[in-house]
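**Student:** Here is a sequence with its predicted model. Questions after.
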Amino acid sequence: MKKTNTNFENKLKAYSTLALGVLGVGTLNAQVVYHDVNPDRILTATAAADTMLLDLNADGINDFQFNLRTYGTANIQADIRSIDTNNLVLGTLQAYTSLGYALPLALNAPINSTNTNWHAGVGQMVLASVYNSTNYGTCGGAADKYLGVRFKAGANTHYGWIRVSDVATTGANVTVKDWAYNSTAGAAINAGQGAGVGVNEPKLENVSIFATKKQININFRSSLTGSVRVINLLGQEIANQKINDKSMIINLENQKAGLYIIDVQSNEGVISKKINLD
């Protein structure tokens with residue numbers, strides 16, 4: 001995504017085959033599309049504002065924007081803003097109806113339609129700020145913070161999370177690390193779901209995924225068991241094939257040109273990669 005000046009690599013995530021069989025984790029994570037910000041994007045407040053646009057589902061429409069700015073003599077504000085009025089960030093309302101405080105979520109906190117902290121009409125949620133020497137906001141600190149979000153893709157609502165860290169209590173700095181969303185419209189997601197947090201992760205180089213015309217080519221460096229799914233940007237599964245060799249081809253000649261998500265699930269881990277079909 002050149003508009004954010006950030007290179008997106010798709011992170012390879014390990015998971016237990018026992019958990020897949022007993023807890024159904026594979027089915028749950030299969031709907032989650034994960035994006036790693038690589039390298040992490042460090043935002044620093046300036047008078048002109050340091051900003052970062054986020055297109056969570058890569059449909060060419062920006063959903064949110066981080067904004068860090070300084071104003072006055074020593075006042076700073078770091079916030080996340082909704083590009084569309086239908087897009088919301090979990091937070092708490094403040095005296096000014098146009099802003100609130102972003103709500104920092106713990107790992108695995110549920111993000112869904114039943115949450116009572118979705119507030120329509122709030123254009124910006126403050127992460128941290130300082131005004132007249134007093135600090136505001138609830139996201140300050142070095143630890144990871146998960147922001148719960150919901151956004152519209154066409155007529156559908158999707159739920160997701162964005163992870164930030166090293167949020168200065170003054171709002172002077174914020175590090176954006178990664179995000180994920182549930183590709184199934186209206187379906188819940190847990191904070192950190194899909195990121196493989198706390199798991200030793202195999203390297204992305206073990207799998208090569210590329211497109212030639214209307215074909216998806218996948219090569220593995222070692223023999224794996226599992227399956228490969230192809231998902232369009234509406235969250236619909238359009239292909240599902242078992243891994244039966246060190247290389248495989250998925251024919252998509254009947255599909256339209258555009259972006260697709262290739263979801264490789266194996267006994268060693270999961271990869272979600274965006275591919276553009278010509």
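**Tutor:** Now that the structure is in, tell me what you want to look at.
**Student:** switch to C-alpha atoms for all contacts and neighbour counts from now on
**Tutor:** Noted.
**Student:** show me where pLDDT drops low in the stretch 51-200 of the chain?
**Tutor:** 95-97, 196-200 (pLDDT under 70).
**Student:** rerun that using 50 as the cut-off
**Tutor:** 197-200 (pLDDT under 50).
**Student:** all helices in it, in order from the N-terminus.
**Tutor:** Counting by DSSP state H, counting those that start in this stretch, one finds no helices in the stretch 51-200 of the chain.
**Student:** quick check: domain ranges of the protein?
**Tutor:** 2-190, 204-277 (automatic domain parsing).
**Student:** Now render the ones you listed as a markdown table, adding mean neighbour count.
**Tutor:** Shown next, in a markdown table, are the domains of the chain (neighbours: other CA atoms under 10 Å):
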| stretch | mean neighbour count |
| --- | --- |
| domain 2-190 | 19 |
| domain 204-277 | 16 |
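**Student:** I'd like to know how far the residue lying closest to S222 once chain neighbours are set aside sits from I218.
**Tutor:** Computed as CA to CA, 6 or more residues apart in numbering, the closest residue to S222 that is not its neighbour in sequence is K246, at 6.4 Å. Distance, K246 to I218, using CA to CA, to the nearest Å: 8 Å.
**Student:** So the residue in the chain sticking out farthest from the centre versus A128, what's the distance?
**Tutor:** Taking CA atoms, centre = their mean as the measure, the residue most remote from the mean C-alpha position of the chain is T73, 35.0 Å away. Counting by CA to CA, the gap from T73 to A128 is 17 Å.
**Student:** cool, and K214?
**Tutor:** With CA to CA as the criterion, K214 and A128 are 46 Å apart.
**Student:** now swap in S272 and tell me
**Tutor:** From S272 to A128 the distance is 32 Å (CA to CA).
**Student:** swap in S266?
**Tutor:** 40 Å.
**Student:** R150 too?
**Tutor:** 21 Å.
**Student:** Equivalent analysis for G148, please.
**Tutor:** The value you get for G148 to A128, if CA to CA is used, is 16 Å.
**Student:** returning to what we had before: got a list of what the residue nearest to S222 touches?
**Tutor:** K246 makes contact with N219, F220, R221, S222, S223, L224 under the criterion CA atoms under 8 Å, 6 or more residues apart in numbering.
**Student:** which ones are touching the fifth one?
**Tutor:** By that I understand S223. Per CA under 8 Å, 6+ apart, neighbours of S223: D245, K246.
**Student:** try 10 Å
**Tutor:** With contact set as CA atoms under 10 Å, 6 or more residues apart in numbering, S223 has these partners: I243, N244, D245, K246, S247, S266.
**Student:** residue nearest the centroid of this structure?
**Tutor:** W179 (2.1 Å).
**Student:** how about the nearest residue to that residue, chain neighbours excluded?
**Tutor:** Per CA to CA, 6+ apart, closest to W179 is I162, 4.3 Å.
**Student:** which residues does that neighbour contact?
**Tutor:** So I162 contacts 35, 54, 56, 89, 145-149, 176-181, 191-192 (CA under 10 Å, 6+ apart).
**Student:** go on, A188?
**Tutor:** 28, 31-32, 110-114, 150, 158-160, 181-182 are the contacts of A188 under CA under 10 Å, 6+ apart.
**Student:** One more: T70?
**Tutor:** Contacts of T70 (CA under 10 Å, 6+ apart): 44-50, 76-78, 129-130, 171-172.
**Student:** Nearest to K256, out of those residues: which one, please.
**Tutor:** D50 (36.8 Å; CA to CA).
**Student:** Tell me the pLDDT of that closest one.
**Tutor:** For D50, the model assigns a pLDDT of 97.
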